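Chemist: This is a predicted model, with the sequence first.
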There are 2 protein chains.
Amino acid sequence: MESVAERAGVSRATASRVVNGGAGVRAELREKVRLAVDELGYVPNLAARTLVTRRNGAVAVVVAEPESRLFSDPFFAQHLRGISRELSAADNQMLLLLIEDQRDYDRVGRYLAGGHVDGVLLFSLHHADPMPETARRVGLPFVVGGRPGWPGAESERDLVYVDSDNRGGARLAVQHLRSLGRRRIATITGPLDQTSSLDRLDGYRDLLPDGDPDLIAEGDFTPDGGGRAMAELLARCPDLDAVFAGSDAMASGALKVLREAGRRVPEDVAVVGFDDVESIAAWTDPPLTTVRQDIEEMGRLMARLLLRRLADPTTSATRVAAPTSVITPTHLVIRASA
Amino acid sequence: MESVAERAGVSRATASRVVNGGAGVRAELREKVRLAVDELGYVPNLAARTLVTRRNGAVAVVVAEPESRLFSDPFFAQHLRGISRELSAADNQMLLLLIEDQRDYDRVGRYLAGGHVDGVLLFSLHHADPMPETARRVGLPFVVGGRPGWPGAESERDLVYVDSDNRGGARLAVQHLRSLGRRRIATITGPLDQTSSLDRLDGYRDLLPDGDPDLIAEGDFTPDGGGRAMAELLARCPDLDAVFAGSDAMASGALKVLREAGRRVPEDVAVVGFDDVESIAAWTDPPLTTVRQDIEEMGRLMARLLLRRLADPTTSATRVAAPTSVITPTHLVIRASA
DNA sequence: CTGAAAGCGCTAACAC
DNA sequence: GTGTTAGCGCTTTCAG
């Protein structure tokens, strides 16, 4: 920058002003500086800038997903795409931090504390996940993907999150199955330490308040887990005529087990999934009827919420219209499996 | 750090030494400083450190994949997992930079030039991709995922890359099909502007040098594209009795089209995929026989190669044992489709 | 509207 | 061994 200023015949201060928007600099000089910047191929040193501005132009995305689900369910990638788009539209970088084992919590915690990012996006929170507390401790604004509250989690109350209408979506699914005349409707849930699984189960129960508990089996959001749960259900309730799976991935596993058991889908057993992940739902045999949630849009919303917080440093004092959580709608996509 | 030093009764310099390993400091003082750090909850400011050391402890992963494949093929996620593991084992952060449209090339280029990272991992390079040149221009060491060379790409000659043995893998697939007695073996290729597609096609041709060109159709690595290519092939060569698809995702699309056309797999048409992405290959109907490449390992290798370059600043002058490209092996995984 | 000067928080020679 | 000193490259009051 020294040399840019020199070449343009101005001081470093003026050069700096131009580089950062050029407000309050005579148009003539502004041009001169811009020219010098181009000619010298000057690029500002971010570290130096951060040192004084205390801003990084970067936000961290922390994904705490030790399960193999992360790498078998495109859910995650779609989310990321939404986030990345929104962030880069605002010229912010996305840093992906993966947490795979206990040790990583520390590493990521240190990284966040190190002041390399301006805010944090948190994902796949399981019960009693320490990340929100960590983010709060180091004073970084954050937004959570998926409703984080567990009964009694006092401290989590006023944090901002984005989630889809899991409960409503589940109701849609069961409703549809019922309208098809199905009477023995089973469900395969996700891991019950995640609110999304819980909410979907609640939606199922909303419509089947007196349901047979044997019709409920827990999976883990993987095709494998879905298959295992399906096998359990079949053993317990051979007379079931429909299944609502808590994710498309699990539904695909269930489909396979049903096929192997000689049950025709949808004739003998109707199947509905959840997510509408194109690469799974459209390609199973038969193609999956499922509950659609706009995952990419959820990602965009998370990023937007965080950016708003960053732009407007509303401390807890003068919060007038603090960003608030949002629930995105779900709807049914009918294909061939139900 | 000022206050840490004060509290420990030492100078800032000594405090700094302790924080950075504590070599050459009396054990007694070292303890004192450590204590002060803990008590004050001190965390070093990375920006300041970077400013002077010129090191970030971070490497960028640039994924130039405008196609929707990125978000429908777990290939990518597995790669990332490998990279992330290797990087964090060496206490380096991974920054994910996605390139989706032309505009993004500039944004990412600026970011790299800004000096926020120590090195770059490049992915999914298409023909004449400008990223390697950009990385070279800003002077960042980089490693490429997938063989980048195109005929005549002089400047790309001596860059380091990690790739799997695509050609050998394809040969394995065709070999297997032939050993099953198949005589009309078709292939669905990936986009032919990527070397991985080209190499797999070459492997196919190695074993079928006089093959009927009508038995070759181009897909795009998506299930959809695979389906379209399969339909084409069926129209052109109704007598085909086997298909080698250049990816599991394309194979899944092909399977669907085959099913709809009333062809039984593997009885009428045997199908072999490529990748062995568990979430696809194990869950298709029938489960896919495919060529396995250890994607996560490839990611780890890329990271390791880059880290070695960073650790050992071998300029082009004294290169004794410069890191060199590596090709990982492939092998056949037999399931039910062939 | 522009320039001079004072740091941001840390590390690395260099003396002691 | 340890402290002193000089910056790393940039932004930003504060005068002019």
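Modeler: Noted; the coordinates are in hand. Numbering: from 1, shown residues only, chains lettered A, B, ... in the order given.
Chemist: so for the helix or strand where A:Leu310 lies, what's the average pLDDT?
Modeler: If you go by DSSP states H and E, A:Leu310 is part of helix A:295-311. Averaged over helix A:295-311, pLDDT sits at 91.
Chemist: Which residues outside that helix are in contact with it?
Modeler: Where contact means C-beta atoms under 8 Å, 6 or more residues apart in numbering or on different chains, the residues beyond helix A:295-311 that reach it are A:59, A:75, A:78-87, A:90, A:92, A:118-121, A:141-145, A:160, A:162-164, A:275, A:277, A:323, A:326, A:328. For glycine as for every other residue, the C-beta is placed from the backbone atoms N, C-alpha and C.
Chemist: First-to-last residue distance for stretch A:277-293?
Modeler: End-to-end span of stretch A:277-293 (C-alpha to C-alpha, to the nearest Å): 9 Å.
Chemist: Same check on stretch A:282-295?
Modeler: By C-alpha to C-alpha, one end of stretch A:282-295 lies 16 Å from the other end.
Chemist: Would you mind listing the buried residues in that stretch?
Modeler: For stretch A:282-295, a neighbour-count test (16 or more other C-beta atoms under 10 Å in any protein chain shown) marks A:282-285, A:287-295 as buried.
Chemist: Then stretch A:16-27?
Modeler: For stretch A:16-27, by 16+ other C-beta under 10 Å, it's A:Ser16, A:Arg17, A:Val18, A:Val19, A:Gly22, A:Val25.
Chemist: ok, the residues you listed vs DNA strand D, which is closest?
Modeler: A:Ser16 (3.3 Å; C-beta to the nearest atom of the strand).
Chemist: For the closest one, give me its contacts.
Modeler: A:Met1.
Chemist: Pull the distance from the helix or strand hosting it to the chain's centre.
Modeler: Assigned by DSSP H and E, A:Ser16 belongs to helix A:12-19. Offset of helix A:12-19 from its chain centre (C-alpha atoms, centre = their mean, to the nearest Å): 39 Å.
Chemist: ok, is it in contact with DNA strand C or not?
Modeler: Yes. Applying C-beta under 7 Å from any atom of the strand, one finds helix A:12-19 touching DNA strand C at A:Arg12, A:Ala13, A:Thr14.
Chemist: Isn't A:Leu98 up against B:Ile83?
Modeler: No. Contact between A:Leu98 and B:Ile83 fails when scored by C-beta atoms under 8 Å: they sit 9.8 Å apart.
Chemist: Tell me which of those two has more neighbours.
Modeler: Of the pair A:Leu98 and B:Ile83, B:Ile83 is the one with more neighbours under other C-beta atoms under 10 Å in any protein chain shown, namely 29 against 21.
Chemist: Could you report the distance from the closest residue in space to that one that isn't next to it in sequence to A:Ser84?
Modeler: What sits nearest to B:Ile83 in space, not counting adjacent residues and going by C-beta to C-beta, 6 or more residues apart in numbering or on different chains, is B:Gly299, at 4.2 Å. Remark: distance between B:Gly299 and A:Ser84 (C-beta to C-beta, to the nearest Å) = 19 Å.
Chemist: Likewise for A:Thr14?
Modeler: Taken as C-beta to C-beta, the span from A:Thr14 to A:Ser84 is 35 Å.
Chemist: ditto for A:Glu267
Modeler: In terms of C-beta to C-beta, A:Glu267 sits 43 Å off from A:Ser84.
Chemist: Those two - which one has more neighbours?
Modeler: A:Ser84 (26 against 8).
Chemist: element containing that one?
Modeler: helix A:75-89.
Chemist: pretty sure A:Val143 is in a strand, no?
Modeler: Yes. Membership of A:Val143 in a strand is supported by DSSP: H, G, I helix; E, B strand; the rest coil.
Chemist: can you give me the helices for chain A?
Modeler: A:2-8, A:12-19, A:27-40, A:46-53, A:75-89, A:102-113, A:131-137, A:166-179, A:195-207, A:223-236, A:248-260, A:278-281, A:295-311 (DSSP state H).
Chemist: returning to what we had before: among the buried residues of stretch A:282-295, which one sits closest to A:Val37?
Modeler: Lowest distance from A:Val37 to the buried residues of stretch A:282-295 (C-beta to C-beta) belongs to A:Ile295, with 40.3 Å.
Chemist: residue contacts, the nearest residue to the closest one once chain neighbours are set aside?
Modeler: Among residues not flanking A:Ile295 along the chain, A:Gln78 sits closest, at 4.1 Å (C-beta to C-beta, 6+ apart). The contact partners of A:Gln78, by C-beta under 8 Å, 6+ apart, come to A:Val277, A:Ile295, A:Glu296, A:Gly299, B:Phe71.
Chemist: Distance to DNA strand C for the residues you listed - can I get that in a markdown table?
Modeler: What follows is the contacts of A:Gln78, written out as a markdown table (distance: C-beta to the nearest atom of the strand, whole Å):
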| residue | distance to DNA strand C |
| --- | --- |
| A:Val277 | 44 |
| A:Ile295 | 39 |
| A:Glu296 | 38 |
| A:Gly299 | 33 |
| B:Phe71 | 39 |
